[in-house]
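S.K.: Give me a model of this one.
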Amino acid sequence: MARAQRRPRHRKEPHPCECGCGELANPYERFVGHHGNRGVKRGPGRYINYFGYVLIRRPSHPRAHGGYVAEHRLVMEEQLGRPLLRSEVVHHVNHIKTDNRPENLVILTNHTHGAEHGRPRGWHMTTEERALHSERMRRVWAKRKAHS
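M.R.: Okay, the predicted model is just below:
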């Protein structure tokens, strides 16, 4: 029986670290390894997390996770003069997660924020896209069934 040939893997190239330090990061990572799992420090009580958001140390804040709160949420709370509701999402207009200027931030509901980042209305998959998606989902469900 002939041995199946493996497809050559796509090799990713190193890319600049997302924190802005200027170093090249591992192709499969977002940040340079020396930043650790806390991202890069940007002053006392401040760091950029794995997802690229600036977090500020505020242990007493009601929405703090591990003592840190997303800076964009703090900026909007200060701008509004009230705490943000759970249903309110802060959207970065220019899509740069570290740009937390008030003029770059807008409050949206979860629904409108999802619509902002989702597919446009009236968009439909082509026949080829639908076939690829179906095949991909068949493999996913077959793998899940095999593991259960």
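S.K.: Would you mind listing where the chain has pLDDT under the threshold?
M.R.: Scanning the chain with the threshold set as pLDDT under 70 gives 1-11, 18-21, 27-43, 148.
S.K.: what residue is smack in the middle of it?
M.R.: Nearest residue to the geometric centre of the chain (Cα atoms, centre = their mean): F51, 4.6 Å.
S.K.: Pull up the gap between that residue and T112, please.
M.R.: Distance, F51 to T112, using Cβ to Cβ, to the nearest Å: 21 Å. Glycine gets a C-beta too; all of them are placed from N, C-alpha and C.
S.K.: circling back: which residue, neighbours along the chain excluded, lies closest to the residue nearest to the centre of the chain?
M.R.: Of all residues not flanking F51 in the chain, K97 sits nearest, at 7.4 Å (Cβ to Cβ, 6 or more residues apart in numbering).
S.K.: Could you measure from the one you found over to E128?
M.R.: 33 Å.
S.K.: Compare those two (neighbour count), which wins?
M.R.: Neighbour comparison, K97 and E128: the larger count goes to K97, with 17 against 8 (by other Cβ atoms under 10 Å).
S.K.: What does the more buried one show for phi and psi?
M.R.: Phi and psi for K97, reported as degrees, to the nearest 10, are phi -70, psi -20.
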